[in-house]
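Engineer: Below are the sequence and a predicted model for it; my questions follow.
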Amino acid sequence: QVQLVESGGGLVQAGGSLRLACTASGRTFSSVVMGWFRQAPGKEREFVAAISRSGISTYYADSVKGRFTISRDNAKKTVYLQMNSVTLEDTAVYYCAAGPTAGIRGYEYDYWGQGTQVTVSS
């Protein structure tokens, strides 16, 4: 079992930055791939980024590539999502997830956090 708790969400102005964190407890953190997803009101959940167990490999949705950075600290059992140059379209509930592979589909992940709201204002 892996329990995930997100933090760092809030209100940010367009063009600004925000860093999300997701801390895990339970089984060995370094044995799972970590991902970030988001869901905007009225829209389906979508993949944002993923990172391999070692942190060497990262994957991004085209919509965030070049603006967001995913990283992890296995000693702290924490994965981060640094969000830069945010736009109104980044407003969503952001979820971290843990699973066996770095997939872009939600069903490829076994464990989910409760989500943290990110609201971008103009």
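Structural biologist: Thanks, I have it.
Engineer: and Val79, how many residues sit next to it?
Structural biologist: Look at Val79: counted by other C-beta atoms under 10 Å, it has 31 neighbours. (Glycine included, C-beta is placed from N, CA and C.)
Engineer: Would you mind giving the secondary structure of it?
Structural biologist: Classification of Val79 using DSSP: H, G, I helix; E, B strand; the rest coil returns strand.
Engineer: you'd agree it is up against Ser52?
Structural biologist: No: applying C-beta atoms under 8 Å, one finds Val79 not in contact with Ser52, separated by 11.2 Å.
Engineer: do you know how far the residue sitting nearest the centre point of the chain is from Ser122?
Structural biologist: Centroid-nearest residue in the chain, with C-alpha atoms, centre = their mean: Trp36, separated by 2.5 Å. To Ser122, Trp36 is 24 Å away according to C-beta to C-beta, to the nearest Å.
Engineer: Report pLDDT for the residue nearest to the centre of the chain.
Structural biologist: Reported pLDDT at Trp36 in the predicted model: 98.
Engineer: Over to Gln1?
Structural biologist: Listed pLDDT for Gln1 reads 80.
Engineer: Begin at 57 from now on, thanks
Structural biologist: Got it, the first residue is 57 from now on, which makes the last one we talked about Gln57.
Engineer: Helix or strand: which one has Gly159?
Structural biologist: Using DSSP states H and E, Gly159 sits in no helix or strand.
Engineer: show me what contacts it?
Structural biologist: By C-beta atoms under 8 Å, 6 or more residues apart in numbering, the residues touching Gly159 are Gly91, Ala106, Tyr165.
Engineer: Let me have those in CSV, extended by neighbour count and secondary structure.
Structural biologist: Formatted as CSV, the contacts of Gly159 follow (neighbours: other C-beta atoms under 10 Å; DSSP: H, G, I helix; E, B strand; the rest coil):
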residue, neighbour count, secondary structure
Gly91, 29, strand
Ala106, 25, strand
Tyr165, 24, coil
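Engineer: Let me know the closest of those residues to Tyr116.
Structural biologist: Taking C-beta to C-beta as the measure, Tyr116 sits nearest to Ala106 out of the contacts of Gly159, at 8.2 Å.
Engineer: Brilliant, that's me finished.
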